[in-house]
Every structure is written in structure tokens, then in C-alpha cells.
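got a predicted model here, sequence first, then my questions.
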Amino acid sequence: MIGLYTAAEVRAAEELLLAATPEGTLMQRAATGLATVCLGLLGRVHGTRVTVLAGAGNNGGDALFAGAHLARRGARVTAVLLDPERAHAAGLAALRTAGGWVTGPDGPTGLERADLVLDGIVGIGGRGGLRPPAAAVVERAATGPGLMVAVDVPSGVDADTGAVPGAAFPAQHTVTFGALKTGLVVGEGRGYAGRVHLVDIGLALPPAGVHQLTDADVAARVRPPHPGDDKYTQGVVGVVAGSSTYPGAAVLCTGAALRARPGLVRYAGTAAAGVRAAWPETIVTDGRPSDAGRVQAWVVGPGMGTDDDARSVLAEVLATDLPVLVDADALTMAAQQPDLVRRREAPTVLTPHDREYARFGAEVGEDRVGAARRLAADLGAVVLLKGDATVVAAPDGAAYVNGTGTPWLATAGTGDVLSGLTGALLATGLPAVEAAAAGAHVHGRAGQLAAEEGPLIASDLVRCLPATLARLRRAPADRLGDSGV
Ligand SMILES: NC(=O)C1=CN([C@@H]2O[C@H](COP(=O)(O)OP(=O)(O)OC[C@H]3O[C@@H](n4cnc5c(N)ncnc54)[C@H](O)[C@@H]3O)[C@@H](O)[C@H]2O)[C@@H](O)CC1
Ligand SMILES: Nc1ncnc2c1ncn2[C@@H]1O[C@H](COP(=O)(O)OP(=O)(O)O)[C@@H](O)[C@H]1O
Ligand SMILES: [K+]
């Protein structure tokens, strides 16, 4: 698992290390690591043009020292000082000694011909969107030809939440120090960070409160059958979804549950005929969930409607002592009767997108991890908040940010696949928060695999699930999510 950290957690770890190392050591480690990544990205350094955007803090210091490294290797480096009086003195001196030029935002910045632009405007000390002079320079940099590389955090991105309240540096690469900051992989910030490179500066970090799963983490949680297994010992999933007029959601959800390969999938609902025709492996009833037979976890909601029958079926499922995944129409109904969820003792997983989340009484806002945690704590349930980086949070605050996926997943029915798949993982006995995080990871990988063949539809995800699971098992132990670390 990759730990994701807040600025305050990183600062606390930095302070301990600063006290234990000679002055300037950490900044030198950061700047050397940054310059090394830049060398790799540029390929050839001699004669390349580099513009360093330097703010008044240590983030500017890192960028200036890295600029000095590149200048010593023959790059033509120009530092643009946004606050010349307060620029990092030692960094500036190093750059000058190495032959770099220094100017202001209105001087010859070199941005229109740069091969590389280093964003050292603000790092974890940033607050709010970029101020006007910085915003104007960033805009010019973004329209120029240079490769956009952010130092530690793209300036203007909130390192903790990924919120982007105003202008920000749209990086193609972010070189971050000591720990991955949560804001680089979630919310709008994810789109500004580009590929993230982690430079080790020797920080000793406490256990993280937010994690991202790797392929190997997920493979370890998706259990293959053992010689002693039979169809009842690998998890039996119950699906309540669809309706006679809308059987599609039931077919997709049940198919995803089957393809996640539990021992057995049972279906209860009025789309029984469609499910039977699509998936003869399923045991179906057109009666109530209680008519379906024993299961280890329920998935309830996709396409089931919100009429009185649907309400009573939802109440019946939530009254069981089994893990339940609540999706789609069932979320709409649960939002009107949240006590049905609150009073459960068995695990509940809710899988809202932003509009479904808002039905519980508050907007998601810019802090997606915080939003998922708040609803989870309020309802005593695991919340899987869908999005381009899906967030999973447990009532105790444990949280995950998903690192896999593709915007091609933004198409009808993919949520039904996620709920069937995650319900199957829940039925194998995984802790609910892990089932949800693993489900989001597998769903994202299935989307990536399906998208290799062209624009995907939800059924393609179901078809790709076996190959996705096989790939996860073959993935090297250190293959991470797609933050690019
Ligand atoms: N503490 C250390 O020894 C280390 C710190 N490191 C670097 O230091 C950074 C943190 O440095 P600082 O604490 O000095 O803070 P920063 O350099 O991140 O930011 C502080 C400066 O940015 C300005 N600022 C804040 N918000 C702004 C906005 N919205 N628009 C424009 N300007 C804004 C502030 O006025 C202040 O001058 C890290 O991100 C990292 O790059 C690394 O060198 C590793 C070691
Ligand atoms: N821009 C995006 N990038 C990546 N994944 C996305 C994006 N938009 C949506 N998704 C994913 O697609 C799925 C859509 O689910 P949902 O909105 O419930 O659709 P439906 O109800 O039609 O099944 C979720 O897993 C979500 O995380
Ligand atoms: K920065």
C-alpha cells in the first residue's frame, strides 16, 4: 500500500529530520532528486533552455538549487523571481554561481522558447489559488513549449485535498519529496499533477491515514479457490437489482458478480427472466430476497426503482445481519431513511456518485476524502465516493484513494458493474472497506483493459473481468496505481 500524507504530516516528519541533519541537507537531497528526474525527462541537458519559476519560500529554494545543477550540466537557465526581495538567498547564489540568469515576471523569462519549466512558486506552504502575478506567469508558461514540471506540488493545488480554488500550474510531471501528498492523486489536483515522481529525502513517516492500493495488494485480497472449496465456501452473493421494464442493470450487476468468481450468485427481483436468459449460472427467483436462499452478502439497488415494493425490499435486505452494498436507487431511498443504515450492525457499503451523495444532505465539495469520511462517520457505513479518483472511507476514518481507471468509464451501466463486483468481494469475507477499495481498483483496471480495444460499454467491463483478475495476479509486487509513482 502507498501511504498518502497531508502537508502537516510531512512537515512534522521534516522537522525531526531537519533537527538531526546539517543545515541545508534536506533541500540538497530534494534539489538533487529533482534535477535527476529533470535530466531523465530532458534526455540531453547541454544547450537546453530551462526557466525556473521561483517563489519566496523553500519550494523556490528547491527549484533554484535544481536549476543550478542543470546549469552546471550546460543548460541555459533563467530564474524568474516572483518576489525578488524574499527569494531563497542560498539557492539564488548557487544559481548565479552556476551561470544562471535572473529576472522578474516582466523581464526576459525565456518561457516562449523553454524546453523545461520548473514550478517552484509554492509547495506545501501554499494557501488558496495562485495570486495574480504568479497566475499570469503560469498562464504564459502553459502556452509556451516547455515541459511543465512542478516542484513538490503544482502551485495552486491544495496538497491535502486536491482542491484547486483558482489558477494553478498544470504540470505534466510533479516531483514530490519525502511522501506522496494526497492532493496529488485526488480531486482536481490529480489532473494538475500529471505523472508523479517520488524522491526519497529520508523522512521517517508515521502510518498514513489514507492509502492507495497496488495491484499486488489487490491480488492478495482476491482469493483464488482452494482444493477443499465447494461452491458455498467461496462466497455466495445475492443481487437485488433491475425491474421487469429495466432488466439491464440486473444483467450487468449479476454478470459482474459472477465474473468476479464467487462460488455462487443468487438473484431476487422482477428482472428474473432477463437474468436467467443472460446468465444461466445464476439461481434466480422473482420473489423476495428472503426467497432467494442463503447468501453471504447482498447487493441492492441498481435499476430497482423507488416505489413502495422497492422500499420494502430494501428494508428487508438492510434488516439482515449480512454485509450489504447499497447502490443507485437504493441510495436514493436510503437517503430518505438513513436510520435504516445507521442501525445496522453488519457492514454496509454505500456507493454514491456526487449527486447521490448530495441526497444525504450535503454537497461533496472540494475535499473528496473529507466528504467520504464525514458521511461514513455519520452513517456508520463504508462510503465509496465515485469519481475519476474514487475515494473509499470507513466510519473510523480509514480511507483509500483509487489509482486506476480511465475517463472511458464515464458511461451508463459501469456503476452497476462496480456494485456487482464489489458485492462479490464482500461475500468472500473481506473487511468492507477493503472490499470497496479493491473493487474500485479492479473496476478501474478492467476499464483500462477494455479501453485498449476502443470505446468501452459496461458489458465490456464484465467480459474483461477474468483477464483483469489474471493480470493483477501476474503484476510485479511493486506495481503501483496509476499516479505514476
Ligand atoms: N523544510 C525543509 O527543509 C524542506 C522543504 N522543502 C520544500 O519546502 C517547501 C515548503 O516551503 P515553505 O514552507 O517555505 O513554503 P512554500 O515555499 O511552499 O510557500 C511559501 C511561500 O509561498 C507564498 N504563497 C503562499 N500561497 C501563495 C499563493 N496562493 N500564491 C502565491 N504565493 C503564495 C507565501 O507567501 C510564501 O512566500 C516544500 O513544498 C518543499 O518544496 C524541501 O526542500 C525538502 C526540505
Ligand atoms: N471521468 C471519469 N474518470 C474515471 N472514471 C469515471 C469518470 N466518471 C465516472 N467514472 C466511473 O464510472 C463509474 C460510473 O458509475 P455510475 O455513475 O454509478 O454509473 P451508472 O449509474 O450509469 O452505472 C464509476 O465507477 C465512476 O468512478
Ligand atoms: K510548486
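Received, thanks. Ligands and ions are numbered 1, 2, ... in the order given.

okay, CA-based contacts and neighbour counts for the rest of this
OK.

give me the contact list for the helix or strand hosting A435.
Element membership for A435 (DSSP states H and E) is helix 432-451. For helix 432-451, the external contacting residues (CA atoms under 8 Å, 6 or more residues apart in numbering) are 213, 215, 218, 221, 323, 347-349, 382, 384, 390-394, 400-406, 408-409, 417-418, 421-423, 425-426, 456, 460-461, 464-465, 468-469.

and if you look at stretch 263-275?
Applying CA under 8 Å, 6+ apart, the external contacts of stretch 263-275 come out as 230-247, 250-251, 254, 257-258, 281-289, 291-293, 295.

again, only this time at 7 Å
Under the criterion CA atoms under 7 Å, 6 or more residues apart in numbering, residues 231-244, 247, 250-251, 257-258, 282-289, 292 lie in contact with stretch 263-275.

what about it, start to end distance?
Terminal residues of stretch 263-275 are spaced 17 Å apart (CA to CA, to the nearest Å).

what's the average pLDDT for that stretch?
What stretch 263-275 shows for mean pLDDT is 96.

mind checking which of the contacts of stretch 263-275 are buried?
Among the contacts of stretch 263-275, those classed as buried by 16 or more other CA atoms under 10 Å are 233-244, 247, 250-251, 257-258, 282-286, 288-289, 292.

among the residues you listed, name the ones in strands.
Among the buried ones among the contacts of stretch 263-275, the members falling in strands (DSSP state E) are V236, V237, G238, V239, V240, I283, V284, T285.

okay, those residues in TSV with pLDDT and distance to R266 next?
Shown next, in TSV, are those (pLDDT from 0 to 100; distance: CA to CA, whole Å):
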residue	pLDDT	distance to R266
V236	97	7
V237	98	6
G238	98	5
V239	98	6
V240	98	9
I283	98	5
V284	98	6
T285	97	8
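
of all the residues you listed, which two lie farthest apart?
Using CA to CA, those reach their maximum pairwise distance at V236 and T285, which is 15.0 Å.

touching ligand 3 at all, stretch 40-56?
No. Contact of stretch 40-56 with ligand 3 (CA under 5 Å from the ion) is absent, the minimum separation being 8.6 Å.

may I have that stretch as CSV, with CA atoms only?
Backbone C-alpha positions of stretch 40-56 (Å, rounded to 0.1, in the frame of the first residue of the first chain) are rendered in CSV as follows:
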residue,chain,number,x,y,z
GLY,A,40,15.9,11.9,-17.3
LEU,A,41,13.0,13.8,-18.8
LEU,A,42,15.1,16.1,-20.9
GLY,A,43,17.4,13.3,-22.1
ARG,A,44,20.0,15.8,-23.3
VAL,A,45,20.8,18.8,-21.0
HIS,A,46,23.7,20.7,-22.7
GLY,A,47,22.2,23.7,-24.5
THR,A,48,18.6,23.1,-23.3
ARG,A,49,16.6,26.1,-22.1
VAL,A,50,15.2,26.0,-18.6
THR,A,51,13.0,28.5,-16.9
VAL,A,52,12.7,28.3,-13.1
LEU,A,53,9.7,30.0,-11.6
ALA,A,54,10.7,30.8,-8.0
GLY,A,55,8.5,32.0,-5.2
ALA,A,56,9.6,33.3,-1.8
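
who touches that stretch?
Taking contacts as CA under 7 Å, 6+ apart, the residues outside stretch 40-56 that touch it are 39, 60, 63-64, 67, 73-83, 86-88, 109-111, 114-122.

how far away from the center of its chain is that stretch?
How far stretch 40-56 lies from its chain's middle: 29 Å, per CA atoms, centre = their mean, to the nearest Å.

now do the buried residues in it.
Residues of stretch 40-56 classed as buried: V45, T48, R49, V50, T51, V52, L53, A54, G55, A56 (neighbour count, 16+ other CA under 10 Å).

related to what we said a few turns ago, go back to the ones in strands among the buried ones among the contacts of stretch 263-275 and keep what's next to ligand 3.
By CA under 5 Å from the ion, no member of these lies near ligand 3.

which parts of the stretch 51-200 of the chain are strands?
Along the stretch 51-200 of the chain, the stretches classed as strands by DSSP state E, counting those that start in this stretch are 76-81, 101-103, 116-120, 147-151, 173-177, 180-181, 195-199.

go through these and name the closest to ligand 2.
Taking CA to the nearest ligand atom, strand 195-199 is the member of the strands of the stretch 51-200 of the chain nearest to ligand 2, at 16.0 Å.

for that closest one, name the packing helices and strands.
Contacts defined by 3 or more CA pairs under 7 Å, 6 or more residues apart in numbering; DSSP states H and E place strand 195-199 against strand 173-177.

is ligand 3 contacted by the strand it packs on?
No. Strand 173-177 stays out of contact with ligand 3 when judged by CA under 5 Å from the ion, the minimum separation being 8.4 Å.

what pairs with that strand, and is each one parallel or antiparallel?
Partners of strand 173-177 in the sheet, by DSSP bridges, are strand 147-151 (parallel), strand 195-199 (parallel).

quick check: which of those strands is buried the most?
Ranked by mean neighbour count under mean count of other CA atoms under 10 Å, those are led by strand 147-151, which reaches a mean of 27.

got the angle between it and strand 116-120?
20 degrees (axes from the mean of the first three to the mean of the last three CA atoms, to 10 degrees).

TSV for the buried residues of stretch 40-56, including distance to A134 and pLDDT?
Putting the buried residues of stretch 40-56 into TSV (distance: CA to CA, whole Å; pLDDT from 0 to 100) gives the following:
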residue	distance to A134	pLDDT
V45	26	95
T48	24	98
R49	20	98
V50	18	98
T51	14	98
V52	12	98
L53	9	98
A54	10	98
G55	8	98
A56	11	96
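
ok so, going back, who wins for proximity to Y357 among the strands of the stretch 51-200 of the chain?
Among the strands of the stretch 51-200 of the chain, strand 180-181 sits nearest to Y357 (CA to CA), with 24.9 Å.

the closest one - contacts with which helices or strands?
The elements that strand 180-181 packs onto, with contact taken as 3+ CA pairs under 7 Å, 6+ apart, are strand 2-5.

might you report the residue contacts of the most far-flung residue of the chain relative to its centre?
Distance from the centre of the chain peaks at T97, with 41.9 Å (CA atoms, centre = their mean). By CA under 7 Å, 6+ apart, no residues touch T97.
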